[in-house]
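Asks: based on what follows, work out the 3D shape:
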Amino acid sequence: MSPLRDALERYINMRRGFGYKLKCSALLLSHFVTHMDEQGATIITSKLALDWVTKEAGPLTWQNRLSAVRGFARHLSSTEPRTQIPPTGILEARQRHIPYIYSDQEITTLLNAMLAVHSAKGLHRWTYHSIFGLLAVTGLRVGEAIRLEHHNVDLDGGILTIRDTKFGKSRIVPIHPTTVTVLADYARRRNAHRFKNVSPTFFIGEQGRPLNHSALHLAFRTVSREIGLRRPGDAYSGPRIHDLRHRYAVATLLRWYRDGEDVEQRLPVLSTYLGHSDIMSTYWYLSAYPELMEHAALRLQAHWEKLS
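Replies: You can find the predicted model right below:
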């Protein structure tokens with residue numbers, strides 16, 4: 001358990017001891033701490049808080065998230081003076097962050113670099129190569145991929161079972177045969193390492209332990225700088241791991257448009273596949289990317305021409 005999650009448990013227990021139920025706030029803050037852990041951060045800053053508050057949610061949700069984080073940050077600031085309490089007006093001029101959309105070549109370069117940067121004798125390079133590849137071709141959240149266990153990965157059926165998701169729901173994610181091949185190769189390499197106490201998770205870190213969020217983000221930042229995706233010294237700016245998920249969604253929508261699919265009808269399929277809590281989160285992609293807007297406009301124009 002991370003220090004921040006331990007502090008959250010103490011905070012929630014203290015508030016409930018005063019008679020507050022905090023059912024919604026406890027769930028929101030648990031997701032926030034997961035976000036902090038994924039970033040390898042231990043101190044709350046206004047930027048980190050704002051990144052999470054506006055992440056994969058609409059403006060109607062932002063204020064509830066911000067209120068929960070402000071209360072938790074205020075509590076932590078009494079013992080950790082470096083804690084920043086996000087100001088109440090921080091959302092007023094905030095626009096939703098437009099994710100970085102990787103090109104196919106950038107993803108190929110990233111995956112190849114993962115194989116090259118780590119020791120040829122260890123499992124690290126194969127772990128990072130496989131998990132980043134999986135994120136790119138499925139749009140899974142980072143935490144969902146890290147938490148996959150052996151019994152969640154059906155290589156014979158080509159199915160992933162995603163449990164303990166962001167919104168507490170489980171879902172089935174079919175995977176392409178080429179992805180099955182890569183995961184089967186990784187499983188063979190992983191099983192060849194005779195670790196004394198191996199984690200039940202599919203992807204493992206050092207000495208067979210569960211893969212660590214911080215180590216994964218550190219590897220990504222290091223490699224992305226080496227291949228030119230980030231400037232030297234950039235810790236939290238530039239392309240993110242989570243942008244692989246956005247890239248998958250946008251690429252899927254573009255493919256449907258180019259293939260002449262009825263995107264409006266198929267959108268719920270993508271929403272379910274990605275594990276969105278509501279379809280409006282998926283609709284956001286249609287308005288956020290110029291090329292998708294262009295396809296949508298052309299489709300609408302063709303519709304009106306048929307009616308005229």
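Asks: the helix or strand hosting Leu160: which residues count as buried?
Replies: Assigned by DSSP states H and E, Leu160 belongs to strand 159-162. Going by neighbour count (16 or more other Cβ atoms under 10 Å), the buried part of strand 159-162 is 160, 162. Heads up, the C-betas are built off the backbone N, CA and C, glycines and all.
Asks: give the other helices and strands that it contacts.
Replies: Strand 159-162 is packed against strand 153-154, strand 171-174, with contacts defined by 3 or more Cβ pairs under 8 Å, 6 or more residues apart in numbering; DSSP states H and E.
Asks: nearest to Ala113, out of these?
Replies: Closest to Ala113 of the helices and strands packed on strand 159-162, according to Cβ to Cβ: strand 153-154, at 24.8 Å.
Asks: tell me which helix or strand Asp164 sits in.
Replies: Short version, using DSSP H and E: Asp164 is in no helix or strand.
Asks: quick one: low-confidence residue ranges for the stretch 201-308 of the chain.
Replies: Scanning the stretch 201-308 of the chain for pLDDT under 70 picks out the ranges 233-237, 278-280, 283-308.
Asks: all the helices of it, residue numbers only.
Replies: 213-226, 243-258, 263-274, 279-288, 290-307 (DSSP state H, counting those that start in this stretch).
Asks: and the third one, what other elements does it pack with?
Replies: Looking back up the chat, that one is helix 263-274. Counting contacts by 3+ Cβ pairs under 8 Å, 6+ apart, helix 263-274 is packed against strand 171-174, helix 243-258, helix 279-288, helix 290-307.
Asks: re the thing from before, highest mean neighbour count out of the helices and strands packed on strand 159-162?
Replies: strand 153-154 (a mean of 18; mean count of other Cβ atoms under 10 Å).
Asks: pairing partners for that strand, with directions?
Replies: Looking at strand 153-154 with DSSP bridges, its partner strands are strand 159-162 (antiparallel).
Asks: what about the partner strand, distance to the chain center?
Replies: 16 Å (Cα atoms, centre = their mean, to the nearest Å).
Asks: just to check, Ala113 is in contact with Leu229?
Replies: No. Counting by Cβ atoms under 8 Å, Ala113 does not reach Leu229; the two are 9.7 Å apart.
Asks: Asn112: which element?
Replies: Residue-wise, Asn112 maps onto helix 104-117 under DSSP H and E.
Asks: and after that helix, which helix or strand comes next?
Replies: Downstream of helix 104-117, the first helix or strand assigned by DSSP H and E is helix 124-138.
Asks: what packs against the helix or strand that that following helix is followed by?
Replies: For helix 124-138, the following helix or strand on the C-terminal side (DSSP H and E) is helix 142-146. Secondary-structure packing of helix 142-146 (3+ Cβ pairs under 8 Å, 6+ apart): helix 23-38, helix 124-138, helix 213-226.
Asks: just send those back as JSON lines, with distance to Gln207 and mean neighbour count too.
Replies: Shown next, in JSON lines, are the helices and strands packed on helix 142-146 (distance: least, Cβ to Cβ, whole Å; neighbours: other Cβ atoms under 10 Å):
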{"stretch": "helix 23-38", "distance to Gln207": "20", "mean neighbour count": "18"}
{"stretch": "helix 124-138", "distance to Gln207": "11", "mean neighbour count": "22"}
{"stretch": "helix 213-226", "distance to Gln207": "12", "mean neighbour count": "18"}
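Asks: quick one: closest of those to Pro200.
Replies: Of these, nearest to Pro200 by Cβ to Cβ is helix 124-138, at 15.2 Å.
Asks: list the contacts of that closest one.
Replies: By Cβ atoms under 8 Å, 6 or more residues apart in numbering, the residues outside helix 124-138 that reach it are 102, 107, 110-111, 114-119, 140, 142, 145-146, 160, 173, 175-176, 179, 182-183, 185-186, 189-190, 203-206, 211, 216, 219-220, 223, 241, 244-245, 247-248.
Asks: only whichever of those residues are buried, select them in PyMOL.
Replies: To isolate the buried ones among the contacts of helix 124-138 in PyMOL, judged by 16+ other Cβ under 10 Å, type:
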select buried, resi 102+107+110+111+114+117+118+140+142+145+146+160+173+175+179+182+183+186+190+203+204+205+211+216+219+220+223+241+244+245+247+248
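Asks: right, I'll leave it there.
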